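K.L.:
Quick one, structure for this:
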Amino acid sequence: MDGRSVGLFMFWKRNSKPVGVARGNHAIPEGRRVYAIGDIHGRDDLFAQMMDLIRADHARRGPADLTIVLLGDLIDRGPASAAVVERAIRLREEFPDTRLLIGNHEECFLAALTGDVRRLRYFMRIGGDATVRSYWNDDGSLDAASFEEVAERLPDLVPAEHVRFLGMGEDVIEIGDYAFVHAGIRPGVPLEKQSMTDLRWIRDEFLDDMSEHGKMIIHGHSISAEPDEQMNRIGIDTGAFRSGILAAICLEGEARRYLFARETELQLIA
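P.N.:
Down below sits the predicted model:
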């Protein structure tokens, strides 16, 4: 497209620390096992590998009620956003209790699908050009198209099932002593009174706050080289679209452990 440049905004959290198996006072109800997957950002290859890791880990640890939480930002930046959304939809056929949080990138994608050129421009600027390409399937015609043409045609290229799935995502998921959100929460505000904007977009005010939130917050949105464990939150966005590493956390009882899908290998810290 004429005159377009794409900015990839990186938000690396400071001072993340090494991780292994961790235990604390936070717990998931007995008989339940929860896997939460960090921001996938169009890396369907890593998503597929992660699901194989989860299947193997779940099978070897014995029966439990299984919940899979997708922390949002399935799309943008990576090369295969449409495939990621399709895989996420199909997960419910195998794992009925698969739940999706809406990330800020899903929010912007859904806004861009209204045909609003201004919203499309913003979406493209934050990495949505990769998502558009994954649905467009013709780089030549896309490169030649104006923003107005893209805004008009894109809604017809995205399957209604994909729009419906993303639009039905949640903003907060509470399980036991844990709360799952995409970006974070506004410190000092009860979970039930959090604004949608903060849950999908907040950064420093949440990341830099060390106060007790009532529940341990599991989140993505802010990239760290490895899972970022703090006394009141755990961030698991490892920048998959750029690092080639997708992280997930498994919660069971008072234990938690991490799984990593990598471009060159699969690794489980158990």
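
K.L.:
going forward, measure contacts and count neighbours with C-alpha atoms only.
P.N.:
OK.

K.L.:
Let me see the backbone angles for Leu70.
P.N.:
Phi and psi for Leu70, reported as degrees, to the nearest 10, are phi -100, psi 120.

K.L.:
er, Val69 actually
P.N.:
The phi/psi pair for Val69 (degrees, to the nearest 10) is phi -120, psi 120.

K.L.:
I'd say it and Val34 touch.
P.N.:
Yes: applying CA atoms under 8 Å, one finds Val69 in contact with Val34, separated by 7.4 Å.

K.L.:
Tell me which of these two has more neighbours.
P.N.:
Per other CA atoms under 10 Å, whichever of Val69 and Val34 has more neighbours is Val34, with 23 against 20.

K.L.:
That one belongs to a helix?
P.N.:
No: applying DSSP: H, G, I helix; E, B strand; the rest coil, one finds Val34 to be strand, outside a helix.

K.L.:
tell me the contacts of it?
P.N.:
28, 66-69, 250-252 (CA atoms under 8 Å, 6 or more residues apart in numbering).

K.L.:
repeat that for 10 Å
P.N.:
28, 58, 64-69, 97-98, 175, 249-253, 256 (CA atoms under 10 Å, 6 or more residues apart in numbering).

K.L.:
and Leu8, what pLDDT?
P.N.:
Looking at Leu8, its pLDDT is 34.

K.L.:
no no, Gly42
P.N.:
pLDDT at Gly42 comes out at 98.

K.L.:
Next: Gly244.
P.N.:
97.

K.L.:
My read is that it contacts Asp44, right?
P.N.:
No: using CA atoms under 10 Å, Gly244 makes no contact with Asp44, being 11.0 Å away.

K.L.:
okay, and the common contacts of Val69 and Val34?
P.N.:
In contact with both Val69 and Val34: 97-98, 249, using CA under 10 Å, 6+ apart.

K.L.:
tell me which element Leu91 is part of?
P.N.:
helix 81-94 (DSSP states H and E).

K.L.:
can you list contacts of that helix?
P.N.:
For helix 81-94, with CA under 10 Å, 6+ apart as the criterion, the contacting residues are 40-48, 51, 68, 70, 73-76, 78, 96-100, 128, 130-136, 158-159, 161-163, 165-166.

K.L.:
Can you tell me which of these are classed as buried?
P.N.:
Among these, those scoring as buried are 40-47, 51, 68, 70, 73-76, 78, 98-100, 128, 130-136, 158, 163, 166 (criterion: 16 or more other CA atoms under 10 Å).

K.L.:
from those residues, which ones fall inside strands?
P.N.:
68, 70, 98-100 (DSSP state E).

K.L.:
can those residues go into a markdown table with extra columns for pLDDT and distance to Arg233?
P.N.:
Output for these, formatted as a markdown table (pLDDT from 0 to 100; distance: CA to CA, whole Å):
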| residue | pLDDT | distance to Arg233 |
| --- | --- | --- |
| Ile68 | 98 | 19 |
| Leu70 | 99 | 17 |
| Thr98 | 98 | 22 |
| Arg99 | 98 | 20 |
| Leu100 | 98 | 19 |
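
K.L.:
what's the closest of the residues you listed to Ile223?
P.N.:
Leu70 (15.8 Å; CA to CA).

K.L.:
Quick check, Arg33 in contact with Asp97.
P.N.:
No: assessed by CA under 10 Å, Arg33 is found out of contact with Asp97, at 11.0 Å.

K.L.:
would TSV of the shared contacts of Val69 and Val34 with distance to Phe180 be doable?
P.N.:
Listed next are these as TSV, based on distance: CA to CA, whole Å:
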residue	distance to Phe180
Asp97	15
Thr98	13
Ile249	11
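
K.L.:
can you give me the strands for the protein?
P.N.:
22-23, 32-37, 65-70, 98-100, 173-175, 178-180, 216-223, 228-229, 233-237, 245-252, 255-262, 266-269.

K.L.:
Out of those, flag the one nearest Arg118.
P.N.:
Of these, nearest to Arg118 by CA to CA is strand 216-223, at 23.5 Å.
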